[in-house]
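Asker: What would the 3D arrangement of this be:
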Amino acid sequence: MEYAPLDLPDNPQLLRNLAHFARALRVAGLPAGSGRVMDAARALASVGFTDRDTFFYALRACFCTRPEHLPIFAQIFRLYWRDPRYMEHMMSLMLPAIRGVAEERQAKPAEKRAAESLLDGITPEAPDVKGEDRPQDTEIEIDASLTMSREERLRSLDFEQMSVAEMAEARRILARLSLPVPPLLTRRYAADANGTKPDWRRSLRQAMRHGGEMQGFARKARRERMPALICLCDISGSMSAYSRAVLHFLHALSNAKGAGWSKVYGFTFGTRLTNITRHLRGRDVDAALAAAGAEAQDWEGGTRIGYCIDRFNRDWSRRVMGQGAIVLLITDGLDRDDPELLSSAMQRLSLSSKRLIWINPLLRWEGFAPKAAGIRAILPHVDMFRAGHNIAALQGLAEALNARGDFNEKARLARMLSDAAS
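Answerer: Presented below is the predicted three-dimensional model:
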């Protein structure tokens, strides 16, 4: 079988920079594989690339397949192909504080994501739209190779101690994490050839079709259904560094295909309760978290855990809990409300959920003891108590969800409370 020769532009420098441009798009999350690169090269050979608009729309037609790809593509195109000082502009988007200008505008989610993708190992050697090379005054090389030892270090590093670059890489790792959960057995039965219980009613109906002669015994098994996941995330000042990472993880769970969860709900609380479920369903993580932050007006404010949990029980529990919902409570437990209100709200939340897992970043300290009144009010009503200060701790949630030693966990929590009281 003979293939037709490729009609590509006779410009090796352009093709090389087109491959670098596609790599930046892949890092930002766009499907820019080798096939799309070849399509883009053919499109440029067909339409030419002397006109800026033609060049832009030809590449956009080849690399963008969803509406959420358009702003990211536009920012990467502008930074890579047009701006002669795009490296300085990218650094200002990544670290706006280094410029020392108070009135500098905040980078949009697409701009920041484009800057991170271009800083991830892309060397600035792209020509301008007309195909002319830029003057190479200084050559800037960025080594962002991710070794296994670096990734393992990131998994064990505290979120609060991460730099901007490390936090960006941690978000990419969190986007790849999954949280498998076993299905729940219901009280209803369904036909199953491998079931352990005989289905007498269906067996008799089958026999009636054959004149009353039994041809075999039908069997049935209990139906399975996937539980819902509900995340209650503390966004107060003491939890801001950890809540942002947890929300990135929750966004990945909300948009994961075949994750197993029937539904994923997200709520934030500080001084008030905010439902951010619809924002987390957006495909672009930066735009989704920006919208969630705009919705939650109490970000990095005070903490009223008891009041917010009580509002969830009254306003949302019957709507989202259903049967067999698993609740993740992400907070440090440092509450300003009445401990009695917090204890009663946690008791009702525990009775309404299949399993209540408390993720507390303070558990990372070896000498941790539940001495605060809020922690002592929450601890008796949770089924699992886990740390959530790094990537490895969030990965351990899968083990916690699949654990069956609830009695041993309850005994451990009771001993923790008794040791703190003594």
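
Asker: For Val382, give its distance to Glu160.
Answerer: 23 Å (CB to CB, to the nearest Å). Bear in mind the C-beta positions are built from the backbone N, C-alpha and C, glycine included.

Asker: Compare the two and say which one has the larger neighbour count.
Answerer: More crowded of Val382 and Glu160, by other CB atoms under 10 Å: Val382, with 23 against 13.

Asker: Just the pLDDT for that one.
Answerer: The per-residue pLDDT reported for Val382 equals 90.

Asker: what do you get for the one 5 residues further on?
Answerer: On the pLDDT scale, Ala387 is placed at 86.

Asker: Could you double-check that it sits in contact with Trp358?
Answerer: No - proximity of Ala387 to Trp358 does not meet the contact threshold set by CB atoms under 8 Å, at 10.1 Å.

Asker: Compare those two and say which is more crowded by neighbours.
Answerer: Comparing Ala387 with Trp358 by neighbour count (other CB under 10 Å), the higher total belongs to Trp358, at 24 against 17.

Asker: wait, what's in contact with that one?
Answerer: Under the criterion of CB atoms under 8 Å, 6 or more residues apart in numbering, the contact partners of Trp358 comprise Leu329, Thr331, Gly333, Ile378, Leu379, Val382, Met384, Phe385, Arg386.

Asker: name the element it belongs to?
Answerer: strand 355-359 (DSSP states H and E).

Asker: Outside of the very next helix or strand once past that strand itself, list whatever touches it.
Answerer: Tracing the chain past strand 355-359, the next element assigned as helix or strand by DSSP H and E is helix 373-378. The list of residues contacting helix 373-378 from outside it, by CB under 8 Å, 6+ apart, reads 305-306, 329, 331, 333-335, 337, 339-340, 342-343, 346, 358, 360, 370, 417, 420.

Asker: Just the buried residues from those, in PyMOL please.
Answerer: Selection of the buried residues among the contacts of helix 373-378 in PyMOL, burial being defined by 16 or more other CB atoms under 10 Å:
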select buried, resi 305+306+329+331+333+334+335+337+339+342+343+346+358+360+370
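
Asker: where does the stretch 101-250 of the chain dip in pLDDT?
Answerer: Low-confidence regions of the stretch 101-250 of the chain, defined here as pLDDT under 70, cover residues 101-149.

Asker: the helices in it, which residues?
Answerer: Ranges of helices within the stretch 101-250 of the chain are 109-119, 148-156, 164-176, 200-208, 240-255, based on DSSP state H, counting those that start in this stretch.

Asker: which one of the ones you listed is the most hemmed in?
Answerer: Comparing these by mean neighbour count (mean count of other CB atoms under 10 Å), helix 109-119 ranks first with a mean of 24.

Asker: Contact partners for the closest residue to Ala291 other than its chain neighbours?
Answerer: Taking CB to CB, 6 or more residues apart in numbering as the measure, Ala291 lies nearest to His279, with 4.3 Å between them; neighbours along the chain are not counted. With contacts defined as CB under 8 Å, 6+ apart, His279 is in contact with Gly266, Ala288, Leu289, Ala291, Ala292, Glu295.

Asker: and with 10 Å instead?
Answerer: With contact taken as CB atoms under 10 Å, 6 or more residues apart in numbering, His279 is in contact with 247, 251, 254, 266, 287-296.

Asker: Counting only helices, which of the residues you listed make the cut?
Answerer: Cross-referencing the contacts of His279 against helices under DSSP state H gives Leu247, His251, Ser254, Ala287, Ala288, Leu289, Ala290, Ala291, Ala292, Gly293, Ala294, Glu295.

Asker: I'd like to know how many residues surround the nearest residue to the fifth one once chain neighbours are set aside.
Answerer: The one in question is Ala288. In this structure, Ala288 finds its nearest non-sequential neighbour in Gly282, 3.8 Å apart by CB to CB, 6+ apart. The burial metric for Gly282, expressed as a neighbour count using other CB under 10 Å, is 18.

Asker: So Gly282 sits against Arg66, correct?
Answerer: No - here Gly282 does not reach Arg66: they are 11.4 Å apart, not a contact under CB atoms under 10 Å.

Asker: Which residue ranges of the chain form strands?
Answerer: Counting by DSSP state E, the segments of the chain that form strands are 184-191, 197-198, 219-225, 229-234, 264-269, 273-275, 326-330, 355-359, 384-386.
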